[in-house]
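> return a 3D structure for these sequence lines:
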Amino acid sequence: MSVKVFALKDVPEDEADEVRALLEAHQLTFFETPAGNWGISAPAIWIDDAQHAARARSLIEVYQQERVQRVRAEYEQFKQQGRQRTWMDVIRDNPVRFVAYVAVIALVLYFSTKPYLDFGK
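All right, here's what the predicted structure looks like:
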């Protein structure tokens, strides 16, 4: 019976590629299930053999601990250099999208509260 060893939902592509490479480097055969056409399925990496799945999980666990340390170190380095991305950077990169999102949020709030504000009239 197949065993899910790594869920791919909301996983950055570079991390998924590194996990695939890790499994291939240790000669562990695996297969993937995609998210499907609408992205509602459970994308994951699976291994057929339960014994190999335990080994794969331990390898992935060690990899993830190393990745956390590496990413935190990169973040601290960017922070010290003043190169970490801020909200203002995101807004400056695409101001039209920001204004559109704010407008949509304002419309949703308006139409959500309008019936209650007019209730007493």
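
> just checking, what's the longest helix in this structure?
Secondary structure of the chain read by DSSP state H shows that its longest helix is helix 50-81.

> in that one, what's buried?
For helix 50-81, a neighbour-count test (16 or more other CB atoms under 10 Å) marks 52-53, 56, 59-60, 63 as buried. C-beta here means a position set from N, CA and C on the backbone, and glycine is covered the same way.

> mind putting those in a markdown table, pLDDT included?
A markdown table is the format used below for the buried residues of helix 50-81 (pLDDT from 0 to 100):
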| residue | pLDDT |
| --- | --- |
| His52 | 95 |
| Ala53 | 95 |
| Ala56 | 97 |
| Leu59 | 97 |
| Ile60 | 98 |
| Tyr63 | 98 |
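
> off-centre distance for stretch 107-121?
35 Å (CA atoms, centre = their mean, to the nearest Å).

> buried residues in the lowest-mean-pLDDT helix or strand in the chain?
Lowest on mean pLDDT, DSSP states H and E among the helices and strands of the chain sits helix 87-93, with a mean of 92. For helix 87-93, a neighbour-count test (16+ other CB under 10 Å) marks nothing as buried.
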